[in-house]
Every structure is written in structure tokens, then in C-alpha cells.
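Asker: just coords:
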């Protein structure tokens, strides 16, 4: 907090939360600045790249924060709470758009072992920064089932802990690890041909 009592983006979440409960508009602005882009990316991944629906997820997430801030007990980080709300809102929109979709179908059966695997971590870092490589990786992430896509995005892209991902997705930590393992295997198989060709 600055010397004049105004919040700033470096204030800890408890200070910001207390200010939000006082209906301080600056607190909402700080949280929006800190989390809106990442929430939008999560929503895009869950919704298969639908930017308009992802915008709606961001809007509804912060509306929910304003409306329900008094119910937030502070046992988890406020960012974890925001992502849980955003994920549930994205799933609601996905189910409404595709009511026949069973989000957990991929988890109910044993997936076949990938026919081809390549670990892109062996590549030089500049290879992964190239626009074509990034586009290929995003396309492979978009092709994952929604449940795997969300776990991968939260854990490996946005770097939440396994415990936090479990809280956001309302599943066990063991289930998070299973989803991550399957997502990583699927991505390695999907990208094997591209990166094997790059290495030649």
C-alpha cells in the first residue's frame, strides 16, 4: 500500500481482499489486471479457442467475485477461487454449446499407448519459441479433451501447484496427476512428427 493509503499491484492478496470487501474499486482493478489475461487463456483452452465465449467467462468470473466476495473464506488463495469460478463457467458454456459432450469420457477408459513419442524438452529453447512451433503446440493442446486440456493448462502453462489445480477442478490430486500424464503423452505423440522433422 502506498503512503497515501492507496492499493498497488504489489499488495498481498489479503489487503486486496479486505479492500474489495469495502467495495474499493481499485481492489477489483488490481485483481483484474493480475488475473484477467490468464483466466481468458484458460477459458480459451477449455472452450476450444472461442474468444467471444472466453470474454464472457472473464466478465462473469469478476461479476461473481463482486457478488460473492463476502462468502470467500480465505482458506485458498483468491486466484485459486477465481480460476475455479472461471473453469466452472467455461464448462457450463461448453456443455450448453455441445450438450452431447461427455467431458470425462477420455478418463473412463484406458487410452492406448502412443505409437510415437518425442520429448521436445531435448530441443534448443529457440526452437520452441518459433511461431510455427508455438502454433503447432497450441493446436495440439486445443485437440485434447476438455478435461485434459484444463489440467495441462493450469499445471504446465499457468504453473499452479498440483494441489491448487485439484482445488480449481474439484478433483483429487491423484486425478490431476492422471490427467496431466495423459495430456502430456497425447501432446508428445501429436507433436512427434513435427519435432522429429525439425531436428533433422
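Answerer: Good, I have the coordinates. Keep in mind it's a predicted model, so treat the numbers as computed, not measured. Numbering: from 1, shown residues only.

Asker: so which other helices or strands are in contact with the top helix by length along the chain?
Answerer: If you go by DSSP state H, the chain has its longest helix at helix 173-199. In terms of contacts (3 or more Cβ pairs under 8 Å, 6 or more residues apart in numbering; DSSP states H and E), helix 173-199 is packed against helix 105-108, helix 131-142, helix 146-152, helix 162-169. For every residue, glycine as well, the C-beta is placed using N, CA and C.

Asker: ok, residue 56 - how many residues close by?
Answerer: 16 (other Cβ atoms under 10 Å).

Asker: what's the closest non-adjacent residue to it?
Answerer: Nearest non-adjacent residue to residue 56, counting by Cβ to Cβ, 6 or more residues apart in numbering: residue 93, 6.9 Å away.

Asker: I'd like to know how far that neighbour sits from residue 52.
Answerer: 10 Å (Cβ to Cβ, to the nearest Å).

Asker: quick one: which of the two has more around it?
Answerer: residue 93 (19 against 7).

Asker: per the record, what domains does this structure have?
Answerer: Domains of the chain are assigned by automatic domain parsing as 13-97, 105-199.

Asker: want to throw these into JSON lines with mean pLDDT?
Answerer: Output for the domains of the chain, formatted as JSON lines (pLDDT from 0 to 100):
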{"stretch": "domain 13-97", "mean pLDDT": "87"}
{"stretch": "domain 105-199", "mean pLDDT": "75"}
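
Asker: could you pull up phi and psi at residue 48?
Answerer: Main-chain dihedrals, residue 48, degrees, to the nearest 10: phi 70, psi 30.

Asker: from what I can see it touches residue 142, true?
Answerer: Yes. Contact criterion Cβ atoms under 8 Å: residue 48 and residue 142 qualify, at 5.8 Å.

Asker: show me which of these two is the more surrounded one.
Answerer: Using other Cβ under 10 Å as the criterion, residue 48 and residue 142 rank with residue 48 on top: 16 against 13.

Asker: quick one, what contacts residue 97?
Answerer: Contact analysis of residue 97 by Cβ atoms under 8 Å, 6 or more residues apart in numbering lists 50, 53.

Asker: and residue 60, which helix or strand is it part of?
Answerer: In this assignment (DSSP states H and E), residue 60 forms part of helix 51-68.

Asker: noted, bye for now.
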